[in-house]
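Peer 1: test case, fold it:
(chains A and B)
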Amino acid sequence: MLNLLVIVMHTHLQNKPFTPTPPETDPPTDIFSEEGYTVQTPIKHPSLHTNILEPKFNGIQSDEELDLFAGKHIQPTNHTNSGALLEEEEHGDTFELNIAVTNPEKMGDGMNAFMTYKVSTQTSLPAFRSKTFSVRRRFSDFLGLYEKLLVKQSLMGCIIPPPPQKSVVGMTKVKVGKEDPSSADFVEKRRAALERYLQRVVVHPALLQDPDVQEFLEKEELPRAVNTQALSGSGFLKMINKASDAVNKMTIKMNESDNWFESKLQEVENEEQLLRRLHASFDSLVNHRKELCSSTAMFAKSVAMLGSSEENSALSRALSQLAEVEDKLEQLQQEQAFSDFFIFTELLADYVRLLGAVRGCFEQRVKAWQRWQEAQSTLQKKREAEAKLLWANKPDKLQQAKDDITEWEAKVGQSERDFERISSTLRKEVHRFEVRPETSNLLHKEKCRDFRHHIVKYLESLHRTQHRLVKCWETFLPEAKAIV
Amino acid sequence: MDASNKESALNVNASSIKISDVSQDGDMLTFAITSQNLSGSGGVCVFRTYEDFIWLQQSLFSQEDVPELQGVIFPPLPDKPLPSHSHTQAKVLKQLGFLSLGDKWQIYCKALELYLQQVAAHTLLSKNKELYNFLSSSESPGKQRSKKGIFNRLSQVMEEMRKEGHKDVDEFFQSERDKTTNLSVLFKVATEKFLEVVLTKQKLALACGHFSTSLHLCVNQENADAVAFSKICLKLSDIIETMKRNFEKVSDNDMSTLGLGLELESRYQEAKREMLFRRTCRLVELDNANKNVDRAKPNKKAHMEEVQKATQKEFNLISSVAKQEIVHYHRTRVQVLRDFLIDWCEKQLSTAQESSTLFSQYLEACKGLAV
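Peer 2: Residues are numbered from 1 along each chain as shown, chains lettered A, B, ... in the order given. Predicted structure coming up:
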């Protein structure tokens, strides 16, 4: 069984949205399964498979560790047969690690409640103590991991995947214990986002080797991460934007010797702009829908009052019915708004964040260049100071000056090496994102697949809403006709 | 609101009155009104402005020699149609409500049309010669008179409030007054809330439009991957366009049926309240006349008694007309609301069915979309 696990991880294909559907409509068999990816288990369709596993994920039952991963490793075989195999051989590093995030569990109660998730790892890498293990982590742990990775010198230039978004509204519903489908939906989507986050992290060769990542996966108890507010969602983007503002304000403009960086950055920025605009459009759609919910609710109330004051009994009954219909409509709008939000806005926001992370790396490189320039100019000043001292004939201070020069010569050397290193790391990172088929072209193929899948989900929800609307009107019509 | 009132001196077939067209010149609207007489022959078309309507309304009010008129619930004339420019839009919306919405003043015209039909169908009001002139004379009717007649009472707000609370001698009317006060507020509120709903749906349609546009901006033919993504964006754009059209249709349905219905009902409730108030004022007069008789000095007593008798007679006349009006109103308003509700429901049902079909077609198409 373990041999089957020695498989290249396909981060984004494994990111098959595990969207629960309301009981009355089952999802059609996953449309991507015919695109040449087969699952290495007897059951062919990933989505069917995960549906079968679904009951296990909801309870606190024991689960066979191996089954957690059954739907999660996929190997390109029929894609383009020769092409895929060739590419596999090209890059030597096959990952022998699978990750699953499952079993959300609520701990505590009231406003101090929080969700924990089971993070299970299956690996044959020697760096880990055992082959299969799992730990429980909460959301702030994931943010804490990101924070640790972000500040590491050794990871400068690496595109560190951004964490999922904090959501006050979603979490409050869960904390308050509202047992409605939308909070179950929220927990599920968060679980999927956390899984996608971790999968992106571990598919990165440098990150996989990082002790903090390994500790995150393995260590039984992690110290509570603090100050994670700044890192999630809009906080994250604010941070990135602040950094790029700082860069733009620096007086020494970077003298770009390599056009590749400039054009790539431009590409990334354009892409980000596009997605941001889409996200803003969708956001405004969601907000208007929420507005519609509340105004519908108010209308329903006013009609109910009319109904109770109305003398004519049939009219009164019809008006009361109308109030109920409007209530139902409000509910429908709520659900639709929720699915608008989660199906698309989250997806778009996720991409914008990812591109922001890429942009952040480019900024890091520019900062490194500036540090190098500054070191050089400081060195120059030290040399001038030494020359002045020689001229002024102050031998006592001379030794200090010479020491300074030596120190700064070393710093110049170091910062130059840093810059070179970041540049080459960044190049490799972008190349990795664009070329390797198993991570897919982040900027294109994954986006296409994700979008297509989510469009279908969205259409389904739109269709469902209209269908329910029809039912509402059909119920009301006889009531209206009954008025005499 | 009977369709054909054979006692009308006019021979106009009330239900045949239509506003067939409206034209706008700057801020001035001109309405084309067509009508036929009862025998079905001789259709006539005239052109009228809003000022002409006001003239008509005033003519109806100011028939001094017909005291029964004070017991009549006058069909409410819609407020002046102000074309909305961007800076006046909020004001127009507040004043006209649903009547200001819709394409080319459609809803407003419908309200005007209903007004004329109601006037022409009313037993007392249709006897007014001015109505005939209004509907058939090719000349434009006279200029507005100075505001005479019972309109004057509107300026005395404080006194109105005091009189409003005056206890009634008749249980039927007391309860009608209380009910109307309550119900007219409720209808007004419901209309306002519904207007909010409809306006939000229009905003949603607009937002969809913007979204669709920004999706078009994503189209990029640079390389194979960009082309694939562009196709997806265009597909989503089509879906959002459909959503937009759906919202537009739904809010159109809302406006032209239930919106109009609620608007009319709340105005009619207002008109009923005004009539009841007029009667209450008469009642106050009557009570004063009674007091005067009691307090009168012997030489004035006879005069006071005459005044008292005349006032009593007028009051009784008004009350009996009012009672008839109220009974008639109760019957017809239910019919009218019923028709609007059914119309609304049927239209929304058909729109929802259309959209449902469209979306399922899209679903089928999407599943075949190659990346």
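
Peer 1: give me the low-pLDDT residue ranges for the chain?
Peer 2: This is for chain A. Applying pLDDT under 70 to chain A flags residues A:1-95, A:168-171, A:173-182, A:226-253, A:255, A:340-343, A:433-447.

Peer 1: meant chain B, my bad for not saying
Peer 2: B:1-10, B:40, B:64, B:84, B:86, B:142-161, B:221-225, B:368-371.

Peer 1: domain ranges for it?
Peer 2: B:1-157, B:165-371 (automatic domain parsing).

Peer 1: now do the first one: distance to the chain's middle.
Peer 2: Relative to the chain's own centre, domain B:1-157 is displaced by 11 Å; criterion: C-alpha atoms, centre = their mean, to the nearest Å.

Peer 1: what does the last one give?
Peer 2: From the chain centre to the centre of domain B:165-371 is a distance of 8 Å (C-alpha atoms, centre = their mean).

Peer 1: list the contacts of B:Gln95.
Peer 2: B:Asp79, B:Leu82 (C-beta atoms under 8 Å, 6 or more residues apart in numbering or on different chains). No exception for glycine: its C-beta is placed from N, CA and C like everyone else's.

Peer 1: can you tell me the element it falls in?
Peer 2: For B:Gln95, the element it lies in under DSSP states H and E is helix B:89-96.

Peer 1: and that helix, which residues are buried?
Peer 2: B:Val92, B:Leu93, B:Leu96 (16 or more other C-beta atoms under 10 Å in any protein chain shown).

Peer 1: and B:Asn13, how far from B:Lys110?
Peer 2: Using C-beta to C-beta, to the nearest Å, we find B:Asn13 at a distance of 18 Å from B:Lys110.

Peer 1: what comes up buried for stretch B:183-200?
Peer 2: So stretch B:183-200, judged by 16+ other C-beta under 10 Å, has buried residues B:183-184, B:186-200.

Peer 1: which ones among these lie within helices?
Peer 2: Per DSSP state H, helices hold the following members of the buried residues of stretch B:183-200: B:183-184, B:186-200.

Peer 1: near chain A, from these?
Peer 2: The subset of these within reach of chain A, by C-beta under 8 Å from any C-beta of the partner chain, is B:Leu183, B:Leu186, B:Phe187, B:Val189, B:Ala190, B:Lys193, B:Phe194, B:Glu196, B:Val197, B:Thr200.

Peer 1: all strands of the stretch 51-200 of chain A, in order?
Peer 2: A:74-76, A:97-107, A:114-123, A:132-138 (DSSP state E, counting those that start in this stretch).

Peer 1: for chain B, find the nearest of the ones you listed.
Peer 2: strand A:74-76 (14.7 Å; C-beta to the nearest C-beta).

Peer 1: list the contacts of B:Ser140.
Peer 2: So B:Ser140 contacts B:Phe47, B:Arg48, B:Thr49, B:Asp52 (C-beta under 8 Å, 6+ apart).

Peer 1: and the second one, its phi and psi?
Peer 2: Which is B:Arg48. B:Arg48 adopts backbone torsions of phi -140, psi 150, taken as degrees, to the nearest 10.

Peer 1: quick check, central residue of chain B?
Peer 2: B:Leu264 (3.4 Å; C-alpha atoms, centre = their mean).

Peer 1: who in the stretch 251-371 of chain B is up against chain A?
Peer 2: B:330, B:334, B:337-338, B:341-342, B:345-346, B:348-349, B:352-353, B:355-356, B:359-360, B:362-363, B:366-367, B:369, B:371.

Peer 1: and with 6 Å instead?
Peer 2: Along the stretch 251-371 of chain B, the residues adjacent to chain A under the rule C-beta under 6 Å from any C-beta of the partner chain are B:334, B:338, B:341-342, B:345, B:348-349, B:352-353, B:355-356, B:359-360, B:362-363, B:366-367, B:371.

Peer 1: kindly report the same for the stretch 1-150 of chain B.
Peer 2: Near chain A, when you scan the stretch 1-150 of chain B using C-beta under 6 Å from any C-beta, you find nothing.

Peer 1: mind listing the helices for the stretch 1-150 of chain B?
Peer 2: B:50-61, B:89-96, B:106-121, B:129-136 (DSSP state H, counting those that start in this stretch).

Peer 1: and of the strands of the stretch 51-200 of chain A, who's closest to A:His288?
Peer 2: strand A:114-123 (30.0 Å; C-beta to C-beta).

Peer 1: residue numbers of the stretch 301-450 of chain A in contact with chain B?
Peer 2: So far as C-beta under 6 Å from any C-beta goes, the stretch 301-450 of chain A lies against chain B at A:Ser302, A:Val303, A:Met305, A:Leu306, A:Ser309, A:Asn312, A:Leu315, A:His444, A:Cys448.

Peer 1: what is the nearest of the residues you listed to A:Leu278?
Peer 2: A:Cys448 (14.1 Å).

Peer 1: any idea how far B:Leu96 is from chain A?
Peer 2: B:Leu96 sits 19 Å away from chain A, going by C-beta to the nearest C-beta, to the nearest Å.

Peer 1: nearest spatial neighbour of that residue, skipping sequence neighbours?
Peer 2: B:Asp79 (5.7 Å; C-beta to C-beta, 6 or more residues apart in numbering or on different chains).

Peer 1: give me the number of residues near the one you found?
Peer 2: Number of residues near B:Asp79 (other C-beta atoms under 10 Å in any protein chain shown) recorded here: 16.

Peer 1: list phi and psi for it.
Peer 2: Dihedral angles (degrees, to the nearest 10) for B:Asp79: phi -70, psi 170.

Peer 1: hang on, B:Ser237 packs against B:Ser212?
Peer 2: Yes - counting by C-beta atoms under 6 Å, B:Ser212 is a contact partner of B:Ser237 at 4.7 Å.

Peer 1: who has more neighbours, B:Asn13 and B:Lys110?
Peer 2: B:Asn13 (21 against 18).

Peer 1: check whether the more buried one really touches B:Ser39, as I assumed.
Peer 2: No - contact criterion C-beta under 6 Å: B:Asn13 and B:Ser39 do not qualify, at 8.6 Å.

Peer 1: verify the stated contact: A:Ser461 with A:Ala337.
Peer 2: No - counting by C-beta under 6 Å, A:Ala337 is not a contact partner of A:Ser461; they are 10.5 Å apart.

Peer 1: can you give me the buried ones in the helix or strand where B:Leu236 lies?
Peer 2: Using DSSP H and E, B:Leu236 falls within helix B:224-254. Residues B:225-226, B:228-233, B:235-237, B:239-254 are the ones in helix B:224-254 that count as buried (16+ other C-beta under 10 Å).

Peer 1: what is the orientation angle of that helix with helix B:106-121?
Peer 2: Angle, helix B:224-254 to helix B:106-121, by axes from the mean of the first three to the mean of the last three C-alpha atoms, to 10 degrees: 10 degrees.

Peer 1: who are the packing partners of the helix or strand following helix B:224-254?
Peer 2: Where DSSP H and E defines the elements, the next helix or strand beyond helix B:224-254 is helix B:260-295. The contact analysis (3 or more C-beta pairs under 6 Å, 6 or more residues apart in numbering or on different chains; DSSP states H and E) places helix B:260-295 against helix B:157-164, helix B:171-216, helix B:298-367.

Peer 1: and A:Thr345, how far from A:Pro163?
Peer 2: 17 Å.

Peer 1: I meant to write B:Lys244 there.
Peer 2: Between B:Lys244 and A:Pro163 the computed distance is 35 Å (C-beta to C-beta).

Peer 1: then B:Gln89?
Peer 2: Applying C-beta to C-beta to B:Gln89 and A:Pro163 gives a distance of 45 Å.
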